[in-house]
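Colleague: next one to model:
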Amino acid sequence: MTERGQLRVYLGAAPGVGKTYAMLDEGHRRAERGTDVVIAFVETHARPHTAAKVGDLEVVPRRAITYRGAQFTEMDLQAVLERAPDVALVDELAHTNIPSVQHDKRWQDIEALLEAGIDVISTVNVQHLESLNDVVEAITGVPQRETVPDSVVRAAEQVELVDMTPEALRRRMAHGNIYQPDKVDAALSNYFRPGNLSALRELALLWLADSVDEGIQRYRETHGIATTWETRERVVVALTGGPEGEVLIRRGARIAARATGGDLLAVHIARSDGLAGSSVAELATQRVLVESLGGSYHSIVGDDIPAAVL
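Modeller: All right, here's what the predicted structure looks like:
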């Protein structure tokens, strides 16, 4: 019986962060170590740096398809299966195939490769994850027709985030490294607005954190580990005794609640000379609030506030 191949996915928050480049880079690293690697499908989007990264990697020719009088190309699944490499690089996991192809979706093609014992490295953007599809549309105003079930990505042996700050991504866009020059201004003022990119980046980070948390839980269950590991959220809210404390406590509680077993700790630093520098009544009210939210309250004496909080 053929051992099932392993899937590695490069996850990005938006187009242009470098997922395809990272996939090709990993392909070169493995080929240099003697692994039989082929490019089953790569989409460079005419980006020169990405196209150059293909280099001398073997490319399996695409399958040409005529549909409704137009010419298209898709990954030639049968050719890749017959070539039987150790590793196949398959871009754009959420892609929808042209009708008349064996499978409707590229992730189904990838499943066939995995079943044949071929390792696959692929890419996907957070907006194509099924569970986040409506959230991304609400943020960007752009509907995403192509989606992939979250379970497909979560089942991957490795999911790696290709991260980039919104500022750096917008610079890359402005330099013409993502879209053609005539599309840059429109992209920067619409989908690639700083707020959109920040929100998409947060979605990607939170989704991946949840995925990692599931992996840790499976590992602990498999190995019978019952002791507490310090991988949960531990949120410390430093209180001055001012009215802003309640807002900070509630915000901290929401962050801690994102992960099961998260800790909320509220800390007030009192001066060692005994002089009152904060409202005792406010602190008493905030202590009750912290405890009602399942957190713990701590009062510590110290004149060096950062050191005392730590």
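
Colleague: what about the stretch 151-300 of the chain, any weak spots by pLDDT?
Modeller: Low-confidence segments of the stretch 151-300 of the chain (pLDDT under 70): 213-216, 227-232, 259-261, 274-278.

Colleague: ok, which stretches of it are strands?
Modeller: 158-162, 234-239, 263-270, 296-301 (DSSP state E, counting those that start in this stretch).

Colleague: R172 is nearest to which of the ones you listed?
Modeller: strand 158-162 (12.4 Å; Cβ to Cβ). Heads up, the C-betas are built off the backbone N, CA and C, glycines and all.

Colleague: buried residues of the closest one, list them for me.
Modeller: By 16 or more other Cβ atoms under 10 Å, the buried positions in strand 158-162 come out as 159-162.

Colleague: V142: which of those residues is nearest?
Modeller: Lowest distance from V142 to the buried residues of strand 158-162 (Cβ to Cβ) belongs to V162, with 20.3 Å.

Colleague: if I look at the closest one, how far off is D25?
Modeller: Distance, V162 to D25, by Cβ to Cβ, to the nearest Å: 10 Å.

Colleague: who touches the residue positioned nearest the centre of the chain in this structure?
Modeller: Ranked by distance to the mean C-alpha position of the chain (Cα atoms, centre = their mean), the top residue is A204 at 3.5 Å. The contact partners of A204, by Cβ atoms under 8 Å, 6 or more residues apart in numbering, come to 11-13, 126, 161, 163.

Colleague: widest-spaced pair of those residues?
Modeller: Comparing every pair within the contacts of A204 by Cβ to Cβ identifies V126 and D163 as the most remote, at 11.2 Å.

Colleague: give the residues shared as contacts by these two.
Modeller: Counting by Cβ under 8 Å, 6+ apart, the contacts common to V126 and D163 are 13, 204.

Colleague: ok, those two, which is more surrounded?
Modeller: Between V126 and D163, counted using other Cβ atoms under 10 Å, the more crowded position is V126 (25 against 16).

Colleague: hmm, A138 and L132 touching each other?
Modeller: No - using Cβ atoms under 8 Å, L132 is not in contact with A138; the gap is 10.2 Å.

Colleague: among these two, which residue is more densely surrounded?
Modeller: L132 (21 against 9).

Colleague: now do the more buried one against P61, distance only.
Modeller: The gap separating L132 from P61 is 34 Å, by Cβ to Cβ.

Colleague: let me see the ranges of the helices in the stretch 201-310 of the chain.
Modeller: For the stretch 201-310 of the chain, helices defined by DSSP state H, counting those that start in this stretch occupy the ranges 245-257, 280-292, 305-309.

Colleague: how about JSON lines for the ones you listed, with mean neighbour count added?
Modeller: Below are the helices of the stretch 201-310 of the chain laid out as JSON lines (neighbours: other Cβ atoms under 10 Å):
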{"stretch": "helix 245-257", "mean neighbour count": "17"}
{"stretch": "helix 280-292", "mean neighbour count": "15"}
{"stretch": "helix 305-309", "mean neighbour count": "12"}
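
Colleague: for V90, find the nearest of the ones you listed.
Modeller: V90 lies closest to helix 245-257 among the helices of the stretch 201-310 of the chain, at 36.5 Å (Cβ to Cβ).

Colleague: the host helix or strand of S122 to strand 158-162, inter-axis angle?
Modeller: Using DSSP states H and E, S122 sits within strand 119-125. Counting by axes from the mean of the first three to the mean of the last three Cα atoms, to 10 degrees, strand 119-125 lies at 40 degrees to strand 158-162.

Colleague: fine, thanks again, bye for now.
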